[in-house]
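> Based on what follows, work out the 3D shape:
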Amino acid sequence: MKKTALPTILSFSAPDLREQIEALPEGTALVGLSTDGRAIAVDLDADCPHVLVCTSSGGGSTTVLRSLTAQFLHQGAHALVLDTKQISHLWARGLPTVTHRGNIAGIHDALVGLGDEMTRRLHHTDTELDATPRLIVSMDSAHSALRQLTRYWETFRSKDDPRMSPAVSALEAALWTGRAARVHVILDGTPAPGVLAAAPHELFGTVILARVSASTWQRLAPLAGPAPKPSRHGGCGHVVQHDDAHETQTLWMSDADVVTWLTDPQDPEN
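Have a look, this model is predicted:
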């Protein structure tokens with residue numbers, strides 16, 4: 001298939017792009033534009049309902065989490081944004097359908113609450129569940145967050161408590177049974193195999209990789225062929241779906257783009 005040149009930047013403010021994004025079906029969000037000219041999107045209903053993003057430092061993972069989460073919020077979803085660095089997702093603070101947590105104690109409590117919410121949703125009838133908003137769990141720097149959650153649990157776990165952190169257990173439950181509860185995880189990073197007890201490609205229908213090593217590619221996308229040469233093009237990565245890798249220029253949405261779109265979606269200046 002003939003390749004086309006990727007745009008230097010795929011900005012939310014580009015002519016007609018916002019309208020195309022807003023026309024996507026509920027549960028579908030644009031990742032970016034591929035080198036064969038196709039729009040590459042995440043479909044939470046048709047595919048495995050979770051997304052894994054892994055890039056080297058400065059590779060754009062925070063931007064991808066922001067743009068995907070924002071699109072689902074615009075469609076009526078709610079979101080739990082877990083921001084271990086505490087400054088990566090300031091756009092999420094103060095939005096009415098977003099819970100933002102930064103410190104590890106807050107993240108622990110939020111994930112334990114997620115477990116309770118999963119249980120509640122799984123007891124819904126189909127009609128009740130259809131009327132329940134999707135819940136997007138967006139976790140930045142997952143490798144660090146999961147290690148910190150494990151250490152945090154050890155500081156007050158009693159001898160009768162389970163060894164695994166209940167927060168990590170709740171995240172695992174969301175990954176395995178989230179579809180049935182309309183709960184979807186967007187995870188940034190490469191959690192250690194001993195923390196989430198499954199191979200990443202078994203849990204995530206979409207894996208987005210940029211500037212990763214050959215060994216990381218093999219671990220996260222083992223059936224997608226050999227690792228491609230990393231692109232120096234800012235915002236460019238590979239989206240792996242159904243074991244096929246698509247070189248893709250990812251969507252750029254700034255913090256201001258997101259806040260304006262979600263709080264004043266009719267603003268003609270957005």
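> Going by C-alpha atoms from here, please, whenever you check contacts or count neighbours.
Fine.
> Dump the helix or strand hosting residue 167 to CSV, restricted to CA.
Taking DSSP states H and E as the criterion, residue 167 maps to helix 166-181. Extracted as CSV, the C-alpha positions of helix 166-181 are listed here (Å, rounded to 0.1, in the frame of the first residue of the first chain):
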residue,chain,number,x,y,z
PRO,A,166,-6.6,-4.1,46.9
ALA,A,167,-6.0,-1.1,44.6
VAL,A,168,-4.0,-3.2,42.2
SER,A,169,-6.6,-6.0,42.5
ALA,A,170,-9.3,-3.6,41.5
LEU,A,171,-7.3,-2.4,38.5
GLU,A,172,-6.8,-6.1,37.5
ALA,A,173,-10.5,-6.7,37.8
ALA,A,174,-11.2,-3.7,35.6
LEU,A,175,-8.9,-5.1,32.9
TRP,A,176,-10.4,-8.6,33.0
THR,A,177,-14.1,-7.8,33.4
GLY,A,178,-14.4,-4.1,32.5
ARG,A,179,-16.3,-4.6,29.3
ALA,A,180,-19.2,-6.1,31.2
ALA,A,181,-19.3,-3.1,33.5
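> for that helix, the distance to its chain's centre please.
For helix 166-181, the gap between its own C-alpha mean and the chain's C-alpha mean amounts to 14 Å (Cα atoms, centre = their mean, to the nearest Å).
> again with stretch 216-224
18 Å.
> how long is that stretch from one end to the other?
Length of stretch 216-224, first residue to last, Cα to Cα, to the nearest Å: 12 Å.
> Same question for that stretch: list its buried residues.
Within stretch 216-224, the residues scored as buried using 16 or more other Cα atoms under 10 Å are 216, 217, 220, 221, 222, 224.
> quick one: average pLDDT of it?
Averaged across stretch 216-224, the pLDDT comes to 89.
> Ramachandran angles for the residue lying closest to residue 180 once chain neighbours are set aside?
Nearest in space to residue 180, with sequence neighbours left out and distances taken as Cα to Cα, 6 or more residues apart in numbering, is residue 122 at 6.9 Å. Main-chain dihedrals, residue 122, degrees, to the nearest 10: phi -70, psi -10.
> what number of residues lie near residue 122?
With neighbours defined by other Cα atoms under 10 Å, the count for residue 122 comes to 15.
> What separation is there between it and residue 226?
40 Å.
> what do you get for residue 20?
From residue 20 to residue 226 the distance is 33 Å (Cα to Cα).
> ok now do residue 204, which residues does it touch?
Residue 204 makes contact with 48, 49, 50, 51, 52, according to Cα atoms under 8 Å, 6 or more residues apart in numbering.
> Could you rerun that using 6 Å?
By Cα atoms under 6 Å, 6 or more residues apart in numbering, residue 204 lies in contact with 48, 50, 51.
> Give me the pLDDT for the first one.
In other words, residue 48. pLDDT, read off for residue 48, is 79.
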